[in-house]
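Chemist: here is a sequence together with a model predicted from it:
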Amino acid sequence: MRPTLKKPERTPDGGAERTVTFEDRAGKSLLRTEGVYKQFNGVTVLRDVALDVRYGEVHALMGENGAGKSTIIKIITGVYEKDAGRIMIDGEPVEINDSHDARRAGISVIYQELSLVPALTVAENIFLGQEPGRYGVTGRSEMRERVSALIDRYGFRIDPDAVVDSLGMSQRQMVEILKALSTDAKLVIMDEPTSSLSTAESERLFETIDLLRQKGVGILYVSHRLEEVYRLSDRLTVMRGGEVVGVLDHDEIVPKTVTTMMIGREIRDANARRGYKIYEDNVLEVSHLRYGKLLRDVSFKAYGGEILGIGGLVGSGRTELVKCIYGALRRSGGDVTYRGAPVSKSIGRNIRAGFGFVPEDRRVEGLFPALSIGRNITVASHDKLSRVSVMNKGAEQRWAEEAIKNYDIRPRDRGYRAANLSGGNQQKVVLGRWLAREPDVLLLDEPTVGVDVGVRAELYEYVRFLASRGSIIIMVSSDLFELTHIADRILVMHGGVFFEEFTGAAATQAAVLLAASGQHTDEGVALI
Amino acid sequence: MSVRRFFGGAWGQRIVILALIFAVMAVAEPKFFTGSNASSVLFAISIYGMMACGMLFVVLLGGLDLSVGSMAAVSACIVAQITMKSGYSGAGLLTGIVAAIAASIAVGVLHGLCVTYMRMPSFIVTLSTKYILYGVAPIITGGSFIYYPQEMDSNSAVNFIYSLGNKRIANVPMPVIFFAAVVVIAGFTLASTTYGRRLYALGGNPTASALVGVRVRRDTVAAYVVSSLLAALSGIVLSSVNMQAGQTLAQGYEGSVLMAMIVGGINLAGGEGTISGAVFGALFAGLINNMMTLLSVPSDFQKAVQGAIILVAVCINAYSGRRAGRVKLPAAPAEK
Amino acid sequence: MKRAMKIIATILTIALAVSVISSCAPKESDAGDAPVAGGIALSGKDIRNDPLKIAYITLSTAGIGNRMHELAYEEQLSYYPNVDFQFFDGEYNPDRQRQILNECVTQKYDAVIIEAMGTEELNRAIVEAEEAGIPVITMNSGASAIHTLHIEGSDYEIGYKAAELLGEAINGTGNAILLDVPAEQKAMGRMGTGFEEGLAAKFPNIKLLEKPGIANWSQENANTAMRDFLTKYPNPGDINIVYGASDDIAIGAIQAIEAAGRQDEGILVFGNMGYPTGLQAVKNGSMFGTGFSDIYLEDTSSLTLALYFISAGINSISAGYTKTPVISMYVPPITAENIDSYIEVSHWKQVPGVFTS
Amino acid sequence: MKLRISTRNVRKLVSAGLVVVLMLVFSLSADSFWNWRNMGNLFHDAAFLGLIALGLSFVMTGGGIDLSVGGIVCVTAILVSRFGTLGGSSVPGVLAALFAVLCGGAFGLINGVLVTRVRLTEFVTTLATGILYSGLGLLLAYRDNGKLSGVIVPKGIQNESFLSLGEKVGGTGVFLVTYIWIALSAAMYFVMRRTNFGLHTYAIGSHSRSAGMSGVNVRRIKTLGFVISGAFAGLASAMLTANMTAASASLGNNGYEFQGIAACVVGGIALGGGKGDPVNAMIGAIFLQTILNGLLKFNIQAYWSYVIQGVIIIAATAFDTLFGRVTHMLRERRSIAGREAV
């Protein structure tokens, strides 16, 4: 049923000024959460979380993956039910159990994958579902009028009649924001908005955010990027392990403090690997790799027996780098050689030559939902399980059973449909598919995203075992703990090149995080 | 395997449906259970059964091949025309068959290229080639029909053609033997060869298939070639059954093949379906027609009954899909 | 900007419509002159010299019958080089035949011969053609609207005749099976109805066991249906006579009988149309008989009559018919006795690649 | 103001241009093409296909497909011929046509409910209901109130006012159905481009998940799409029956659904949804009918027209997908080029 929206209060002059503005409320408390708890099948994900966002304020929210950021947002926007605690808007407690309640309370959210309809124009998208006009006839003129009013008021530069399909990413985000404002949103939550934006587009987004702030709209800005948070936010809440660690004012935001708050004590994990054997002969060399504007000039060597971690922010081209090596993307320049011989452009030949690739997006690029666990595991190894292209079913079954046992995939039933597996088990299936082949070169892209801690440790074990057997492991990861504890050597990407390399002791999480934002640790405190 | 899961699974349902049919026929027309009836049902479904095995390769990829009927007609016309022109010589027959096979491969490759390189929807591509082939058939025969001469003795080529369709080995008609052979070979290919494994992967998730080394374009083209090839084979066998070849041979067979697929529980969005499904679908359709004839259902009733049964089968498949916890793949053919 | 585009699109649509209205040539008056009251003058065209256009709208050009039409008309028209004779494919679709008939009126054909797909569906188009001065001759299944001539090698009669012959051959007692036309074409092909009514009228104690419609007139569907009946009536003598709506259907039944190994039970199979396969089957004794629709004769007579109407400038309107004249062509049943003479008469031998015995 | 032609109208101009070119070719090479009567016939025959394509355009722009329109035409023809001569009285023609539209809509509703409520896949469901409906038509054709009607021949419809629906209008020589078709196309263009229903249909066709999240009632819109498709098939069936003065049971085998879909695709409506509107369907119908009508002018064998039809449909689709991909590529390259590394 279409949400019944309270009609926007008509300003007296009845002119274009239709929606209410909040300049007058700047500084007053807009959103406050108190004592919010949340558990997911036994695991406490949020513990006594308190957030406070004011009108006319950009409030940043930072924290490592799995710190509970997205969970609290999903609770505020009614996607999840909170187990305990209160949410207050303008000081009064509010019940939010679905997205319509959230919208009615003036809360709107812009996720990374936007919820726009490509074939419709900007104006149509903004008013989709609540078109003005009578008797079902879309009041196009009124719609365009109100959109232009919104655009002028917030100083956006966008044509209401442009089809969304023809817009760039930042413009689409502007449309998403306009859509929120058109429903008199008081609070706009942005989740990693700049991850797929160019620097120019990010600049435009920052201007937009400043405009919103001047109009008194509250903004909750979730990001990993320190310099953005420093530049934009009035206050910053840092979360770790499901708890709010602290709230910093603008001038308290210093890289050192922020990173330590995010990471906690610099715990040196006992079983961090020491002393691994390098197999000089098993070498993969990448020289002057270019891919569009994303990878400008990337060169490095990776040796057998070593786990090479690739750090960097989302959008720094790490996935593209790995895909260029694997043959999934056609590189614009430079070359890749393995044991001296150039790596082929055909994925099939590379696999037979000993390459393996665990993709980042399990659902789309890794799993075959309609097939069984067994088939998902053996799908990459038909060459080893068949003679004259006839499958050896016995060998196939044994191969699958062994992988299920080795990598502890649950349920232990070869015929079970992969679609019904949990996230962790799905990842284990995709990983098991490659580990079972004992590849000479294993490329991993964010292998432990969305996997619980227990499974994560197992995955590290298997990867380490493979490295110890002399294989090259290249692991792209945004998980600082993973980089600093699992990888033996870390290359951090920034601006299309390798910005910095860390080995051994120098590889502290803070240093890596800073490098990812293009900061060398010894360059003093001030950020750009 | 728990009983409930068994009956939830595909084979469980099929046994229930068969049991239902046998029960009805046991009461209404016991002669249903004679050996000759079984052979006549198998004979009736052998032609479009072969086509169904071929089209299954394409359906597994979420595509469709509406041109199988016209392809059968064109191949039959090619064989008939070349054989006739060569005075019904053995060499003429051989060249005819080779030419027909070459033609079907060419059409299959055309379909594959249009679907992969041009990314055109297979529904429209094969609908167009259906019209084109329907028009090409009379151009090949220079008119309408070619009749194979009746008298058998003198001519070895004509004998061979006649035997293709009408000979019986151990009282089993040749078309049924061809059908069985196609089922075994196609079944083996899908169930136990690397190509079969890749097809199921490709149908389920084309992006992931590319990342595990599947050559998406080559395997897709191969699937369309198999479909046209088997359509050609069934066309040649059908023309030898009727000892004639022409434009309207196997007209509308693509409809029966689609029915067999749907009833056989094959997901037209791709990624799911087995040869046993296609065979059961064809068998079920054949049994229904056989039942209707034996129970002398008036012919103007038969089309409505057929439509109703297919609709019920569609509901059963959808329902069992959901109940067995299967993930419903995207409704539209996956080639978007 | 959007508005500019809308205007262009609508202008385009209006332009199309306007061009239709503006190209308004004067309404066609009929070709021939107005009929002269009282006196009868040859007011039509000179069929030897004037360029004429005659159309033949078939049920479908896919059948073998079409090869005989081509032979018959080409031979006759060798005397009339000035006649442009055109075959049209009706695709077993009355809507398609209606469009083609309208087309003939537009192209001012001088005469139209049509195997109407249904007795009602083409009335309006036929009347329009007649009003445009075009004589319309319907073959086999006619049309209820008044038109110049209806020639029927009537299916009904040959079906009735077949019932008589088959009934006598089994001395009036036994069981019969009718393999009829496809269900949706029952209105058009009435040989099955003729057989059924003939049997009921003449042989009360011959029981009609089954009368299914055979889809697409196809031999393999008839084969399948007959196999099922052989299963249903397994004992010798259960089935005595089988009537097929066409030779293809009858031969399908014969194949089924042979496949079931019951060919020597003396089941008499009767076909229809008298196409090459049917004639050969009667000749080699596997088929009891068939109805011989002499397409060559029908075509030559329809052509000669068409030429007559053109030259006399007659059609149902100008002649003021109140009923459509009907000529029934005698459709001789063919059995073993007269098969040889009919093969000679049937001209099928002249059609290449068809009759090799 | 820069004249910026949006891709969708360029696509319309292209197909309209092709139609005009085709007409020019035929009128130059055949004297009887460009004259009053032939154009009247062309637009008359295009009207029936056009009405069916018009109904289909709603389902297709919503990302769906409806293979049952052929069956609906068949069964509605029989029903309307029975209704027209109910108990010997002659029911006013307009009422009979309305009855046909309601029947068509009801059959469309059945499709809609099966697809949205029972959640069956569209392709398979409408294929099955198509056979069921044409089977019903066949069933009813020869059964007069229950028993097999003695006279095997379906009686012609004795209802003057209903039959008058199939005639030409006044002196203009243009059939009533052509006017109705052009008027409805314009009306439906308005519905698609100006009303919320049209907007929501596009939204579903382009990205049904986002549409659903923005509060569009996907289920209701899809069902309405099928009802409209059925209703238009019903109207086309009534007008065809009025023109042919009888309901023929073989209407179900003429493949109207495939011709309708081909007309929409050739006209520029994408099979995937979200693109095209009733004017595309209209142009597509005129395009196909022009080919059929034009080919009759020449003394070519019937089978050549099949080959030409098939080639033209494949060429138009190839052009469409290429056209779509080129514009998509341009946009993509623009956005990728802009993105440098962080």
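Modeler: On my side now, so go ahead. Residues are numbered from 1 along each chain as shown, chains lettered A, B, ... in the order given.

Chemist: residue B:28 against residue B:292, yeah?
Modeler: No - contact status for residue B:28 versus residue B:292: not in contact, 11.2 Å apart, counting by Cβ atoms under 8 Å. Any C-beta I mention is one placed from the backbone N, CA and C, and that applies to glycine too.

Chemist: more neighbours: these two, which one.
Modeler: Comparing residue B:28 with residue B:292 by neighbour count (other Cβ atoms under 10 Å in any protein chain shown), the higher total belongs to residue B:292, at 19 against 11.

Chemist: does that one belong to a helix, a strand or coil?
Modeler: Here residue B:292 is recorded as helix under DSSP: H, G, I helix; E, B strand; the rest coil.

Chemist: separation between it and chain C?
Modeler: From residue B:292 over to chain C the distance is 9 Å, taken as Cβ to the nearest Cβ, to the nearest Å.

Chemist: if we ignore the residues flanking it in sequence, what's nearest that residue?
Modeler: Closest residue in space to residue B:292, ignoring its immediate chain neighbours: residue B:302 at 5.2 Å, by Cβ to Cβ, 6 or more residues apart in numbering or on different chains.

Chemist: which helix or strand contains that neighbour?
Modeler: Residue B:302 is part of helix B:299-323 when elements are defined by DSSP states H and E.

Chemist: give me the helices and strands touching that helix, please.
Modeler: Helices and strands in packing contact with helix B:299-323 are listed as helix B:10-28, helix B:253-263, helix B:275-294, helix D:122-141; criterion 3 or more Cβ pairs under 8 Å, 6 or more residues apart in numbering or on different chains; DSSP states H and E.

Chemist: of all these, which one is nearest residue A:25?
Modeler: helix D:122-141 (49.7 Å; Cβ to Cβ).

Chemist: hmm, that closest one touching chain C?
Modeler: Yes - for a cut-off given as Cβ under 8 Å from any Cβ of the partner chain, helix D:122-141 has contacts with chain C, namely D:138, D:141.

Chemist: tell me if residue C:319 really is in a strand.
Modeler: No - Residue C:319 sits outside any strand when classified using three-state DSSP, being coil.

Chemist: before we move on, the earlier item: kindly reformat the helices and strands packed on helix B:299-323 as a markdown table containing distance to residue B:164 and mean pLDDT.
Modeler: What follows is the helices and strands packed on helix B:299-323, written out as a markdown table (distance: least, Cβ to Cβ, whole Å; pLDDT from 0 to 100):
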| stretch | distance to residue B:164 | mean pLDDT |
| --- | --- | --- |
| helix B:10-28 | 30 | 84 |
| helix B:253-263 | 18 | 89 |
| helix B:275-294 | 20 | 90 |
| helix D:122-141 | 32 | 90 |
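
Chemist: measure the residue nearest the centre of chain D to residue D:9 for me?
Modeler: The centre of chain D sits closest to residue D:53, judged by Cα atoms, centre = their mean, with a distance of 1.4 Å. Remark: distance between residue D:53 and residue D:9 (Cβ to Cβ, to the nearest Å) = 19 Å.

Chemist: also residue A:161?
Modeler: The gap separating residue A:161 from residue D:9 is 13 Å, by Cβ to Cβ.

Chemist: so what pLDDT did residue A:73 get?
Modeler: Residue A:73 carries a pLDDT value of 88.

Chemist: show the contacting residues for it.
Modeler: Under the criterion of Cβ atoms under 8 Å, 6 or more residues apart in numbering or on different chains, the neighbours of residue A:73 are A:61, A:109, A:189, A:191, A:220, A:222.

Chemist: nearest residue to residue 64 in space, please, no chain neighbours.
Modeler: Chain wasn't specified; assuming chain A. residue A:262 (5.7 Å).

Chemist: that's the wrong chain, I wanted chain D
Modeler: Leaving aside its sequence neighbours, residue D:64 sits nearest to residue D:122 (Cβ to Cβ, 6+ apart; 4.8 Å).
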